[in-house]
Structures are given as structure tokens and as C-alpha cells.
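Build me a structure from this.
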Amino acid sequence: MPHAEQPLTSSASWKIALGGCLVMALAIGIGRFLLTPLLPAMMTELGLSPSDAGLVAAANYAGYLAGALIGASPLVDSRRSAVLWGSVAGSAASTALMGLDGNLPWLAAMRLIAGVLSALALVIASGIVVEKLAQAGRPGLAAMHFAGVGAGIAASAILVGVETARGAEWWQLWRDGGLVAAAFGVVAWFLLGRYEPHVPGRQSGTSLRLDRPILMLTLAYALFGYGYVITATFMVTIAREAELVHATQMTIWFIVGVTALPSVAFWTAMAKRIGVMPAYVRSTLTLAAGVMAGGLFQGLIGLAIAALLLGGTLMGITALGLVAVRQMQPDARTRAIAFVTAGFGLGQMTGPAVAGWMAEHSGLGGAAAYTLPSLSAAGLLFVSAWIAARIRTGAP
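Below you'll find the predicted structure:
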């Protein structure tokens, strides 16, 4: 017989939301996206080619795909708390260990491990936070949890900007990023650690139905994964190649983080007014416009627009896609989320590798080498929105 849930106070609800925010900040904002502001220095100091850089990023997203699927499996149901805090500690450690060696196999291996751990932290922490806040009647506070991604990105921009100005090298920045992530993890444990996750009962025998809506959403989600990740990976590199000063490069990345903070709250509110899939379509078109701006106008204005629209849509689109999955197949939602996540993971895993190869073999120099990869990403985002516009979730 499951234990009785104790009602949560308003103070406890805020602590849970803030603890989740810090987990997202360290595992995703830093553990997953610290590579973006550090990539230019690594390419210069380690001699990494665009293809090499793309492979390092792709390894992280391959790990994310594996971690998300593991996190959605019954294997971790009975030990979610241990897996969560182990993933938090491992995410901070794997971030710091990136600076231990500069050879390509080591970098790819650390990014792979970091991807697995960041996805596990995201999946499990999100489940705990959303469940506890729903029990407390405060589901709206979940937006604070997801805002952690933007907070971590903003923190990484400040860290790299300040430490680089003091003469820090790439490996020191990875070490310091790991220390910041560890500090976030300690505070998160004090805020969230006492709230043990409820172990859900096994789902009924309802099987995932691979019907037209779920297949269309998976394809749209995969194209979204490919479309956002090229800009998210190479934005600061493009800014460097466009000869923007380092402070401006970090400011552009900081914009991504700041605009990501209210993204989920804004787009979920939009979904309540116009419907989930119409909101998904609008957010994807908005992102496509930003990616196109970054590809065509690679100076300060174009990249600032790209940063604004990337941050303002990334987590919102992610959240809307998962809401749509739950509406489509509520009786098999865990399997359905895993299936759609696999599509998303394949898209974002492919994007950096393809973009790096295209940039290296474009025959163009500087920022112009990333024009075709960015425009291809924008084109696939438009296709994603077109597919999503034809999906019916079956929900009001």
C-alpha cells in the first residue's frame, strides 16, 4: 500500500521548484551547453576542426538520447532518488573532467557520459518536481523548474566572460564550470533531496500505438532537434568568426539564457489560449526565423536576434511537444514520451556532426562557412512546423 502523501506548504513548494531549477541549471544549462561558449577557444587551442567540434557535440547528444530512454524505463523506478543524485554528482564531475585531456577521443567520451547523466537528471528531477507541485496544487511553479536551463546558460556566459578576461585557459574553464555545477548540486540537494519520488505503479498493458499523430509528432520533433541544435552549438563560434569581440560573444550567449527563463511559462500560457499544437507551430516558426537570421546576418544584429528567438523558444517547444504526447496517448504516455524523445535525440545528435562537416567542406571562410548549415536547419524547422500544423491531438 503506498504511503500517504503529506500536504506541502507554500514554502515547501517554492523550495521544490527552486531545487529543480538548480538541477536543470547544472545538468543542462552547464553540463550540456557549456560547450557552446568554450568551443571557439577549444578549436583554437586544441586545433579542432569544425568536423571535430561537431563530433564532440554529437557525442553529448547521443548520450542524452541514451539517458532519456533509460530514465523513462522501469529499470530506475525503484531507485530514482539514488539515480538522480548520482547523475547530479556525475554531471558536475564529467564537466570538470573535460579539461583533463585535449585529445578528441577523451573529449567525445566525456561528452557522451555527460549527455547520459544530464538526461537522467532532467527526466527524474522533472518527474519529481512536476508530481510534487501538482500534489500541492501549484503546477504553475513548474515553469521555475524549467527556467533552470536558461539560468545555467546565463551563468555559463558570465563564468566564461569573467574568467577569460582574467586569462583562464579552456581547461580551467571546464574545471570551474564543474565547480559551479557542484555548488548548484549541493544547494539543490538541501532544497529537493528530502522529497522522495513516488514510485509509480506499473502501467497497464496498454501498448504504444504507432498511429499517424504520434509518428507525425515524432518526425516534427526530430526536425526540431536538428534545427535548433546547430545554432545552439555553433552560435558563439560564428560570433568569433564574425570577429565580434569576446565580451560581445558572451553577451549573445547570455541573451539566450535570459530569454529562456520565461520561455516555458510564456508558451504554455499561449497553449491554453490557442491550443497545444497551434502554439507548437508558432514557436517553431519563431525559432526558424531566429536560426535564419543567424545564418544570413552573421554580425551583431543577426546573432542577437538568433539568440533572442532561440532562448525564447527552445524549452517552450520542448515542453509543448511533451504535453502533446500526453494528450495523444495518456494510457501509454511513458512509452510515447520515450518514442518521441528518441526522434528528438536522433535529430539533435545528427545536427552538429552534419553542420561541422558542411562548414569544413563549404569552401568558405569565417562565419560564412556556417551559412548553409544554418539555412538548412531553418528550412527543416519550417518543415517541422508544417507537419505539426497537420497534427490533431484529439484533445480540446
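
Pull out the buried residues from whatever helix or strand residue 382 lives in.
Of the helices and strands defined by DSSP states H and E, residue 382 is found in helix 371-388. Buried residues in helix 371-388, counting neighbours by 16 or more other C-beta atoms under 10 Å, are found at 371-378, 380-385, 387-388. The way it works is simple: take the backbone N, C-alpha and C, and place the C-beta from them, glycine included.

which one of those residues sits closest to residue 26?
Each of those was scored against residue 26 by C-beta to C-beta, and residue 377 proved nearest at 27.2 Å.

any idea how far that closest one is from residue 289?
Relative to residue 289, residue 377 is positioned 12 Å away (criterion: C-beta to C-beta, to the nearest Å).

Same question for residue 46.
Distance, residue 46 to residue 289, using C-beta to C-beta: 34 Å.

same question, residue 383
14 Å.

next one: residue 138
From residue 138 over to residue 289 the distance is 34 Å, taken as C-beta to C-beta.

just residue 187 next, same as before
Distance from residue 187 to residue 289, counting by C-beta to C-beta: 37 Å.

and the helix or strand bottoming out on mean pLDDT in the chain, what does it pack onto?
Within the chain, no helix or strand scores below helix 333-360, which has a mean of 83 by mean pLDDT, DSSP states H and E. Using 3 or more C-beta pairs under 8 Å, 6 or more residues apart in numbering; DSSP states H and E as the contact definition, the elements that helix 333-360 packs against are helix 50-71, helix 212-241, helix 300-328, helix 371-388.

Among those helices, which comes closest to residue 336?
Taking C-beta to C-beta as the criterion, helix 300-328 is the member of the helices and strands packed on helix 333-360 that comes nearest to residue 336, at 4.9 Å.

buried ones in that closest one?
Within helix 300-328, the residues that qualify as buried by neighbour count (16+ other C-beta under 10 Å) are 302-325, 327-328.

Report the mean per-residue pLDDT for it.
Across helix 300-328, the average pLDDT comes to 90.

Please apply the same query to stretch 145-164.
Per-residue confidence for stretch 145-164 averages out to 94 on the pLDDT scale.

repeat for stretch 85-98
Here the average pLDDT along stretch 85-98 is 96.

Buried ones in it, by neighbour count?
For stretch 85-98, a neighbour-count test (16+ other C-beta under 10 Å) marks 85, 87-98 as buried.

Just the C-alpha atoms of stretch 248-264, please, in PDB.
Taking C-alpha atoms only, stretch 248-264 is exported to PDB below (Å, rounded to 0.1, in the frame of the first residue of the first chain):
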ATOM      1  CA  THR A 248      30.100  40.600 -27.200                       C
ATOM      2  CA  GLN A 249      30.200  36.900 -27.900                       C
ATOM      3  CA  MET A 250      29.400  36.100 -24.300                       C
ATOM      4  CA  THR A 251      26.700  38.800 -24.300                       C
ATOM      5  CA  ILE A 252      25.000  37.000 -27.200                       C
ATOM      6  CA  TRP A 253      25.100  33.700 -25.300                       C
ATOM      7  CA  PHE A 254      23.900  35.500 -22.100                       C
ATOM      8  CA  ILE A 255      20.800  36.700 -24.100                       C
ATOM      9  CA  VAL A 256      20.000  33.000 -24.900                       C
ATOM     10  CA  GLY A 257      20.000  32.200 -21.200                       C
ATOM     11  CA  VAL A 258      17.900  35.300 -20.100                       C
ATOM     12  CA  THR A 259      15.300  34.800 -22.700                       C
ATOM     13  CA  ALA A 260      15.000  31.100 -21.900                       C
ATOM     14  CA  LEU A 261      14.000  31.900 -18.300                       C
ATOM     15  CA  PRO A 262      10.300  32.700 -19.100                       C
ATOM     16  CA  SER A 263      10.000  30.600 -22.200                       C
ATOM     17  CA  VAL A 264       8.000  27.700 -20.800                       C
END
